[in-house]
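# for reference, the sequence and a predicted model appear below.
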Amino acid sequence: MSETTQAILHIEGMHCVSCALAIDLTLEDLPGVREARTHFARMTTAVRFDPREVALPAIVAAVAATGYTAATLVAR
């Protein structure tokens, strides 16, 4: 089993639960992302990924490409 890293991102620009779903689907399509869970009310995304396959800046860039702004709150 590969080692994974978890990051919590603060998301700006979401207007509804569908926005959260769009972020999850976008991130889960990235190679190396194992799970993404966006919480609309908290304006956060928890993402678990393999850092050997995808870097955190690429995850943030994917959120931006979807039309939202992401900033890393926690990475471990």
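Ah, there it is.
# contacts for the lowest-mean-pLDDT helix or strand in the chain next, please.
Using mean pLDDT, DSSP states H and E, the weakest-scoring helix or strand in the chain turns out to be strand 69-75, at a mean of 91. With Cβ atoms under 8 Å, 6 or more residues apart in numbering as the test, strand 69-75 has contacts from 5-13, 44-45, 56, 59-60, 63-64. (Glycine included, C-beta is placed from N, CA and C.)
# which stretches in the chain count as strands?
5-12, 33-39, 44-49, 69-75 (DSSP state E).
# winner for burial among the ones you listed?
Highest mean neighbour count of those: strand 44-49, a mean of 21 (counted as mean count of other Cβ atoms under 10 Å).
# which helices and strands does it pack with?
Judged by 3 or more Cβ pairs under 8 Å, 6 or more residues apart in numbering; DSSP states H and E, the packing partners of strand 44-49 are strand 5-12, helix 17-28, strand 33-39, helix 56-65.
# residues contacting G13?
G13 makes contacts with 19, 67-69, as judged by Cβ under 8 Å, 6+ apart.
# most neighbours, which of those residues?
Greatest neighbour count in those, by other Cβ atoms under 10 Å, goes to Y68: 22 neighbours.
# and it, its phi and psi?
Note on Y68: its backbone torsions stand at phi -120, psi 170 [degrees, to the nearest 10].
# quick one: the residue nearest to it when sequence neighbours are not counted from R52, how far?
Excluding the flanking residues, the one nearest Y68 by Cβ to Cβ, 6 or more residues apart in numbering is G13, at 4.2 Å. For G13, the distance to R52 (Cβ to Cβ, to the nearest Å) stands at 30 Å.
# and if you look at L9?
Applying Cβ to Cβ to L9 and R52 gives a distance of 20 Å.
# again with C16
The value you get for C16 to R52, if Cβ to Cβ is used, is 34 Å.
# contact partners for V60?
Counting by Cβ under 8 Å, 6+ apart, V60 touches 9, 70-72.
# whoops, I mixed them up, A46
6-9, 35-39.
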